[in-house]
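Asker: Here is a sequence with its predicted model. Questions after.
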Amino acid sequence: MSDGTRIRALEVLELHTAVPPAGKVGRGKGGRRTESRRETKGRPSEDRFRGALLGGALGDALGLPYEGRVLRYDEARPLQFVGHRPGRISDDTQQTMLVAEILLDCGVMDPVELSVRLQDWVTFGVGKGRATVEAIRRLASGVPWHAAGSPSAGNGAAMRVAPIGLRRWRDRSLRWTEAALCAMPTHHDPMAIASAVVMADAVASLVATAPEDFDGRRFVEDLARTADAWDPRQLPERRDPASRTSLGDRMREVPAYVDADPAAAIRDHFWSGAFVLESLPTALWCFLRHPHDPGEVLREALLVGHDTDTVASFAGTLAGALSGASQLPASLLEQVEEGDRLTADAQRLWQASVGEP
Ligand SMILES: [Mg+2]
């Protein structure tokens, strides 16, 4: 672990100690900061909470048959399940449920508990990423959670944090802390941690934004600032290692490409592999092209190729968080594996975060 990452681990642990015990949220006294006094922008509906989790699952299930395939962007690709197991979900959604249920069972994002549940998950997980599997192997051998993460900026950390964005939608401090804690057992690369915090922020922002007030440029700039705060490094791109960029700067480029030729935007600029410097901006691009039409967002993501299921899961999470589950394609949604469990998790997260007085 680098010194920089070690310092970050200590910082997030220090913040973690400020987490109020389960059941006490919003009931603090005597000047203690409580959720009800922080950053309240609007009151998200339960439909938005369901939309974030189910939209992500739908993207995962639609994209899974295409994972790892290089598609031509100009291929027509209707929004439908392909393959012999329609609706099958993969690691993205399976780990999202783990995170949701840790928040609900423990009251906080406990990285020790996540480490335990990941060791169980790896025995049945679908589409397991290499960095995650290697980290879980280290956890199983006794390496502590804060030292086990792989030095990888793959998608594995960002893909599971939507429940943290929901549970901590109005509390940036807790959201940032818990997103980082959620990332670290498997990923300790600063960009992977930054990507998890960015995704949690994205979900929190969208569920609290009235659809008619959504401003794509402002949304992206806010997320880019979060990325800058967590990992401002300018790193070589895979597409052209002579070219360097940061996660925040790459996201800032997205609005300019929204109306550009899609094939050129993806094939020649953003790419869409299992690397958050590619996948997260590409998912944002899919979302910003049709922010109020989840079906079109998902169709766009299916055309992207490479790490299709995760890009579609990111994009579906964003679209569902803004529009709600009621705006997702119902005939497809009802085929998604674990739909009832995701719905129950979303309802419980909403009850814990919004529903209580
Ligand atoms: Mg997957």
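Answerer: In hand now; what should we look at? Numbering: from 1, shown residues only.

Asker: where exactly do the strands run in the chain?
Answerer: Under the criterion DSSP state E, the chain contains strands at 235-236, 244-245.

Asker: how far out from the middle of the chain is the first one?
Answerer: In this case it means strand 235-236. Centre-to-centre, strand 235-236 and its host chain are 22 Å apart (C-alpha atoms, centre = their mean, to the nearest Å).

Asker: what are the pairing partners of it, and which direction each?
Answerer: Using DSSP bridges, the strands paired with strand 235-236 are strand 244-245 (antiparallel).

Asker: which residues sit against the partner strand?
Answerer: Applying C-beta atoms under 8 Å, 6 or more residues apart in numbering, the external contacts of strand 244-245 come out as 234-237, 277. Every C-beta, even on glycine, is put in place using the N, C-alpha and C of the backbone.

Asker: Can you say which of those are buried?
Answerer: By neighbour count, with 16 or more other C-beta atoms under 10 Å, the contacts of strand 244-245 hold 235, 237, 277 as buried.

Asker: Roughly how far does the last one sit from Asn155?
Answerer: When distance is defined by C-beta to C-beta, to the nearest Å, Leu277 is 10 Å away from Asn155.

Asker: re the thing from before, looking at the contacts of strand 244-245, spot the one nearest the ion.
Answerer: Leu277 (18.1 Å; C-beta to the ion).

Asker: separation between the closest one and Trp271?
Answerer: Separation of Leu277 from Trp271 (C-beta to C-beta) stands at 9 Å.

Asker: need the buried ones among the contacts of strand 244-245 in a markdown table with distance to Arg130 and pLDDT, can you?
Answerer: Formatted as a markdown table, these follow (distance: C-beta to C-beta, whole Å; pLDDT from 0 to 100):
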| residue | distance to Arg130 | pLDDT |
| --- | --- | --- |
| Leu235 | 20 | 92 |
| Glu237 | 21 | 87 |
| Leu277 | 17 | 93 |
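
Asker: Dump the residues you listed to a markdown table, plus distance to Val197.
Answerer: Below are those laid out as a markdown table (distance: C-beta to C-beta, whole Å):
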| residue | distance to Val197 |
| --- | --- |
| Leu235 | 17 |
| Glu237 | 21 |
| Leu277 | 15 |
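
Asker: May I see the buried residues of stretch 124-135?
Answerer: Under 16+ other C-beta under 10 Å, the buried positions of stretch 124-135 are 125-129, 131-133, 135.

Asker: wait, does that stretch contact the ion?
Answerer: Yes - under the criterion of C-beta under 5 Å from the ion, the ion is reached by stretch 124-135 at Gly127.

Asker: Any idea which residue of the stretch 201-350 of the chain lies closest to the ion?
Answerer: Nearest to the ion in the stretch 201-350 of the chain, going by C-beta to the ion, is Asp309, at a distance of 4.3 Å.

Asker: For that residue, which non-adjacent residue is closest in space?
Answerer: With C-beta to C-beta, 6 or more residues apart in numbering as the criterion, Asp309 has its nearest non-adjacent residue at 3.6 Å, and that residue is Gly63.

Asker: close enough to count as contact, Asp345 and Leu53?
Answerer: Yes - counting by C-beta atoms under 8 Å, Asp345 touches Leu53, with 6.3 Å between them.
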